[in-house]
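**Student:** predicted structure and sequence below. I'll ask about it afterward.
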Amino acid sequence: MGSVGPEFHDGKSPPPAAPELRPELDAGAQFVLKSRGSWIHSGYHLTTSIVAPPLLSLPFAFASLGWTAGIVSLVIGAVVTFYSYNLLSLVLEHNALLGHRHLRFRDMANDILGPKWGMYYVGPIQFLVCYGAVVGSTLLGGQCMKAIYLVSDPNGKMKLYEFVIIFGGLMLILAQIPSFHSLRHINLVSLVLCLSYSACATAASIYIGSSSKGPKKDYSLNSNNQTRIFGIFNSLAIIATTFGNGIIPEIQATLAAPVKGKMFKGLFVCYAIVTATFFSVSISGYWAFGNKANGLILTNFLDDGTPLVPKWFILMTNVFTILQLSAVAVVYLQPTNEVLERTFADPTKGEFSARNVVPRVISRSMSVVLATTVAAMLPFFGDINALIGAFGFMPLDFVLPFVFFNLTFKPSKRGPLFWLNATIATVFSVLAVTAAVAAVRQISLDARTYRLFANI
């Protein structure tokens, strides 16, 4: 079902309490997207979905952009996404007041663009983006576990895919948490963890950059024009995807009615953390390592296996990263869980009845097993994820919110608001296509080194 029944409230009297079971909702909305959260809970969910370990790749993005373009791109990414997510939230609030509370991204597309857009475009690309984030988090979790293992035992024989499977085992447990709202306490811990590993990464970069242990600082850009241009677009795609979310409607669906103004407060919580982490890690990492910054800044803390900071510090940073990755992965599992619940559960039965618990455990476990298998088989999944991000995150976060707002509120074409939104949507549509081309080029360059279950 595309929307919840009338939920208009005058804002003066408290809304009626929702019953535990709501037969008018499908099982996915009723069990996974239950609306019970407060604005601070939305802040936790938003932070986990945006401020994630991929931010540790921002110094690498700076290496292809340089100081000025890197900082400007980061500022633009922060401003545009905050504005974009707020516009999306306003559209959701507007429809809720009209009695059509959208709980899913595809519900919005169905009502605003038409059912074919929701079914054949928005729904599939959101699923790819979110499930791709689960696979990517599982792979990165395995890589961080392997880094801990090699620091402790440089001659260890365990392979990357074994660590990916271990991380997948943790995900099997977390995937059984019943609803998005149930993750609020985990996501509060996740918020603390992302601040912790970002502070560790910043401190380590400053320490190495200030000592004689680090590489000679070189901020020059690649002299090959073609490589430099593709590097710029690839870096812009990295920055855009790092700010990506793709599940704003699902997060807003966790809020108890009335929803007015709650997401705006949640966004402020999230972007306070974004500012503290994104800018500190990217600037300190690029300052310390220059154009030698690796795709994951943590790998720069080892020089041919020799730690440039104390071993315990590297271990602690990786543990913080692994723990938050598990929270990120389970957040991005929620759209998949919602689809599985809607398909296999019975909304007329209790959420924890045997009829619903058994298919829930089986379907979610199979989903995690598949994601873990893909992560173990394709350790170069980052290249593929860049392509998914270009086709997915950019349209969902940088294009559709502006289109939805203009179609819903119909601002005057004589005013600046309409043209500002149209310009942003157009620019990022072009950037998405260009980033997709750059991602395909990178896949073709790396194809010669692809090998299933490679130990990299």
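**Tutor:** Great, that's in hand.
**Student:** residue 134 against residue 336, yeah?
**Tutor:** Yes. A contact is recorded between residue 134 and residue 336 when judged using CB atoms under 8 Å, the distance being 7.4 Å. Yep, even glycine has a C-beta here, placed from its N, CA and C like the rest.
**Student:** who has more neighbours, those two?
**Tutor:** Summary of the neighbour comparison: residue 134 and residue 336, criterion other CB atoms under 10 Å, with residue 134 having more neighbours (26 against 21).
**Student:** hang on, the more buried one in a helix?
**Tutor:** Yes. Residue 134 sits within a helix when classified using DSSP: H, G, I helix; E, B strand; the rest coil.
**Student:** residues in contact with it?
**Tutor:** Contacts for residue 134 were tallied using CB atoms under 8 Å, 6 or more residues apart in numbering; they are 171, 329, 332-333, 336, 368, 371.
**Student:** show the pLDDT at residue 382.
**Tutor:** Looking at residue 382, its pLDDT stands at 65.
**Student:** which strands or helices does the biggest helix by length in the chain pack on?
**Tutor:** What stands out as the longest helix in the chain, according to DSSP state H, is helix 58-97. Contacting helix 58-97 under the criterion 3 or more CB pairs under 8 Å, 6 or more residues apart in numbering; DSSP states H and E are the following elements: strand 101-102, helix 105-112, helix 225-242, helix 248-253, helix 262-289, helix 400-409, helix 416-446.
**Student:** roughly how far does residue 333 sit from residue 343?
**Tutor:** Look at residue 333 and residue 343: by CB to CB, to the nearest Å, they are 15 Å apart.
**Student:** the two: who's more crowded?
**Tutor:** Set residue 333 next to residue 343 and count neighbours by other CB under 10 Å: residue 333 wins out with 27 against 12.
**Student:** if we can go back for a sec, out of the contacts of residue 134, which end up buried?
**Tutor:** Under a neighbour-count criterion of 16 or more other CB atoms under 10 Å, the subset of those counted as buried comprises 171, 329, 332-333, 336, 368, 371.
**Student:** low-confidence ranges, the stretch 51-200 of the chain, go.
**Tutor:** Within the stretch 51-200 of the chain, not a single segment meets pLDDT under 70.
**Student:** ok, for residue 374, nearest residue in space, not its chain neighbours?
**Tutor:** Leaving aside its chain neighbours, residue 374 sits nearest to residue 135 (5.0 Å; criterion: CB to CB, 6 or more residues apart in numbering).
**Student:** return the residues in contact with the one you found.
**Tutor:** If a contact means CB under 8 Å, 6+ apart, then residue 135 has 371, 374-375, 381, 385 as its contacts.
**Student:** one more pass at 10 Å, please.
**Tutor:** When the contact criterion is CB atoms under 10 Å, 6 or more residues apart in numbering, the partners of residue 135 are 164, 329, 332, 370-378, 381, 384-385, 388.
**Student:** the nearest residue to residue 132 once chain neighbours are set aside and residue 137, how far apart?
**Tutor:** With sequence-adjacent residues excluded and distances taken as CB to CB, 6+ apart, residue 132 is closest to residue 388, at 4.4 Å. In this view, residue 388 and residue 137 are 13 Å apart by CB to CB.
**Student:** neighbour count: those two, which is higher?
**Tutor:** With other CB under 10 Å as the criterion, residue 388 and residue 137 differ in neighbour count, and residue 137 comes out ahead with 28 against 22.
**Student:** I'd guessed the more buried one sits against residue 374; true?
**Tutor:** No. Residue 137 is beyond contact range of residue 374, at 11.9 Å (criterion: CB atoms under 10 Å).
**Student:** returning to what we had before: got the angle between the host helix or strand of the residue nearest to residue 132 and helix 416-446?
**Tutor:** When secondary structure is defined by DSSP states H and E, residue 388 falls within helix 381-391. The directions of helix 381-391 and helix 416-446 differ by 150 degrees, with axes from the mean of the first three to the mean of the last three CA atoms, to 10 degrees as the criterion.
**Student:** can you name every helix or strand that helix 381-391 contacts?
**Tutor:** For helix 381-391, the packing partners by 3 or more CB pairs under 10 Å, 6 or more residues apart in numbering; DSSP states H and E come out as helix 123-152, helix 225-242, helix 354-377, helix 416-446.
**Student:** contacts only, for residue 328.
**Tutor:** Listed by CB under 10 Å, 6+ apart, the contact partners of residue 328 are 48-54, 133-134, 136-137, 140-141, 187, 190, 193-194.
**Student:** can you rerun that using 6 Å?
**Tutor:** Residues counted as contacts of residue 328 (CB atoms under 6 Å, 6 or more residues apart in numbering) are 48, 52, 137.
**Student:** and these as JSON lines, adding distance to residue 229?
**Tutor:** What follows is the contacts of residue 328, written out as JSON lines (distance: CB to CB, whole Å):
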{"residue": "48", "distance to residue 229": "34"}
{"residue": "52", "distance to residue 229": "28"}
{"residue": "137", "distance to residue 229": "30"}
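**Student:** and the helices and strands packed on helix 58-97, which one is worst for confidence?
**Tutor:** Considering these one by one, the lowest average pLDDT is found for helix 225-242, at a mean of 84.
**Student:** tell me the helices and strands packed up against it.
**Tutor:** helix 58-97, helix 416-446 (3 or more CB pairs under 6 Å, 6 or more residues apart in numbering; DSSP states H and E).
**Student:** repeat that for 8 Å
**Tutor:** helix 58-97, helix 381-391, helix 393-394, helix 416-446.
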